[in-house]
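Enquirer: 3D model of this:
(one chain, ligands or ions: 2)
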Amino acid sequence: MPATVVLGAQWGDEGKAKIVDYLAAGADVVVRFQGGANAGHTVEVGGETWIFHLLPVGVLNDHAVCVIGNGVVLDPESLFSELDELAGRGIPVPPERLRVSGCAHVVLPYHKALDRASEESLGSGALGTTARGIGPAYRDKVARSHALRVMDLLDADLRDRLRSAVRAANDMLTSIYGATPLDVEEVVRQTQGFSERLRPYVDDTSVYLNKALDDGRRVLFEGAQGTLLDIDHGTYPYVTSSNTTAGGACTGTGVGPTRIGEIIGVTKAYMTRVGNGPFPTELLDDEGERIRELGQEYGATTGRARRCGWFDATIARMAGRVNGLTGLALTRLDILDPVERLKLCTAYRHGDLLLEEFPADPRILDKCEPVYEEVDGWCAPTTGARSFADLPAGARAYVRRIEELSGTPVSLISVGPDRDATIRL
Ligand code: IMO
Ligand code: MG
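Expert: Ligands and ions are numbered 1, 2, ... in the order given. Predicted coordinates for the structure are as follows:
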């Protein structure tokens, strides 16, 4: 494992954290490359539950150094509250264990206010964001007029730059959304408070990561969100504002594509989505409700009930294609243990046409009907399985069929939240 990328192959919440935590045991460095505190990465270790929004999950492996890459939008408030919680639970994270890119853009209180105001103004057309200020922070990054990067928080002219940034945001809040403006001096005071605390963590993380690879250290790239939430390849506009796909691991860290070995797509044995937007295999009936309860499918960041549906192979093929996946990590197989009959979506019917590829055009997607293959469930527990052979025959057949339909080999299977409940193929 010189450089391995782990990313979501669906709409996020695929169980990436569990897979990252499992693989982090063999990693020296774990790096987040995109997104921000919108992630909800839940890990269970030794009966304790941890939820990370911004820090890489790898922080739980005390031999690994964690990196927040330039592609992340960093909310200092979230960062320090996560670091404080870790310290309070006996895991202090000194600067030697956490390197933060000076080029990462900063999420400030007005980004969150703008995120909320924008969602309210969209009414029933809202995207269903996590309200963590992600879209507005990336918008500032791309607009290049008032954005602040981590390195700017350390700069002597921070106060002036912040004042003009807050004033510009207040103009938008009041004139476009009719929302309450923020107190400029309060934002300045709060942000300055974070500057000194951040300073020892800041680094040129592209240099750091490439040097680590030169030295033969193993680097794990931890994706947030999922392929279908990618700003370019996802179900736009119902997506997040970053490249969640494999290319983002390079642009978001300053590590070149030739250095990446494996790219693992994490995929649930069924599908979920939180927030709005298309979901062709969504179950709006009791079956969907049953899967939600079996899997306790409620969001780790916002607590929202997740929409549930059958495994969709057109999406798995699309994830394989845009990410160049070398393997799938199939998670939550155990959740399907009691389900008597299962469906796998193999393609879509669009009028007279059979579509094998996930359509990029939402107008086409809207008119697509999933084509299902029905299979018997295995109705036996899988949580204790530690090798492929331990799985019931029905579960093995289900995994093999997913592999065939998606065109990517399954390299890991998760049969429970614990680190041990993992099968390597
Ligand atoms: P992890 O890393 C699931 C969804 C939101 C919304 C859309 C845009 O836990 O898989 P944003 O706040 O990013 O502007 O919201 O993206 N979303 C996620 N859904 N898991 C996540 O992260 C998500 N991060 C964002 O629900 O639909
Ligand atoms: Mg989540």
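
Enquirer: Touching, residue 98 and residue 74? I think so.
Expert: No: with contact defined as C-beta atoms under 8 Å, residue 98 does not count as touching residue 74 (11.5 Å). Any C-beta I mention is one placed from the backbone N, CA and C, and that applies to glycine too.

Enquirer: check contacts around residue 248.
Expert: 33-34, 71, 223, 230, 242 (C-beta atoms under 8 Å, 6 or more residues apart in numbering).

Enquirer: and what of residue 107?
Expert: Counted by C-beta under 8 Å, 6+ apart, residue 107 has contacts 36-37, 73-76, 78, 132-134, 137.

Enquirer: measure the closest residue to it other than its chain neighbours to ligand 2 for me?
Expert: Distance criterion C-beta to C-beta, 6 or more residues apart in numbering; nearest residue to residue 107, sequence neighbours excluded, is residue 75 at 3.9 Å. Noted for residue 75: a distance of 16 Å to ligand 2, by C-beta to the ion, to the nearest Å.

Enquirer: Over to residue 286?
Expert: Taking C-beta to the ion, one finds residue 286 at 25 Å from ligand 2.

Enquirer: now residue 356
Expert: 29 Å.

Enquirer: Now do that residue, the pLDDT please.
Expert: pLDDT, residue 356: 97.

Enquirer: Name the SS class of the nearest residue to it once chain neighbours are set aside, please.
Expert: The shortest distance from residue 356 to any non-neighbouring residue, by C-beta to C-beta, 6+ apart, is to residue 347 (5.0 Å). Put simply, residue 347 is strand when judged by DSSP: H, G, I helix; E, B strand; the rest coil.

Enquirer: Let me see the contact set for residue 347.
Expert: 313-314, 354-356, 371.

Enquirer: phi, psi of the residue of the stretch 101-250 of the chain found nearest ligand 2?
Expert: Shortest the stretch 101-250 of the chain-to-ligand 2 distance, computed as C-beta to the ion: residue-wise this is residue 225, at 7.6 Å. Dihedral pair for residue 225: phi 60, psi -150, per degrees, to the nearest 10.

Enquirer: now do residue 201
Expert: The phi/psi pair for residue 201 (degrees, to the nearest 10) is phi -90, psi -20.

Enquirer: how deep is it tucked in, by neighbour count?
Expert: Here the number of neighbours of residue 201 (other C-beta atoms under 10 Å) works out to 22.

Enquirer: Skipping adjacent residues, who's closest to it in space?
Expert: Using C-beta to C-beta, 6+ apart, the nearest residue to residue 201 is residue 100, at 4.4 Å.

Enquirer: Check which helix or strand the one you found maps to.
Expert: Element membership of residue 100 [criterion: DSSP states H and E] is strand 98-101.

Enquirer: any idea which helix or strand of this protein has the worst average confidence?
Expert: The helix or strand of the chain with the poorest confidence is strand 41-45; it has a mean of 91 (mean pLDDT, DSSP states H and E).

Enquirer: show me what contacts the residue nearest to residue 201?
Expert: Taking C-beta under 8 Å, 6+ apart as the test, what residue 100 contacts is 67-68, 74, 79, 150, 198, 201-203, 205.

Enquirer: Kindly provide the distance from the residue of the stretch 1-150 of the chain found nearest ligand 1 to residue 343.
Expert: Of all residues in the stretch 1-150 of the chain, residue 12 sits closest to ligand 1, at 2.6 Å by C-beta to the nearest ligand atom. According to C-beta to C-beta, to the nearest Å, residue 12 and residue 343 sit 22 Å apart.
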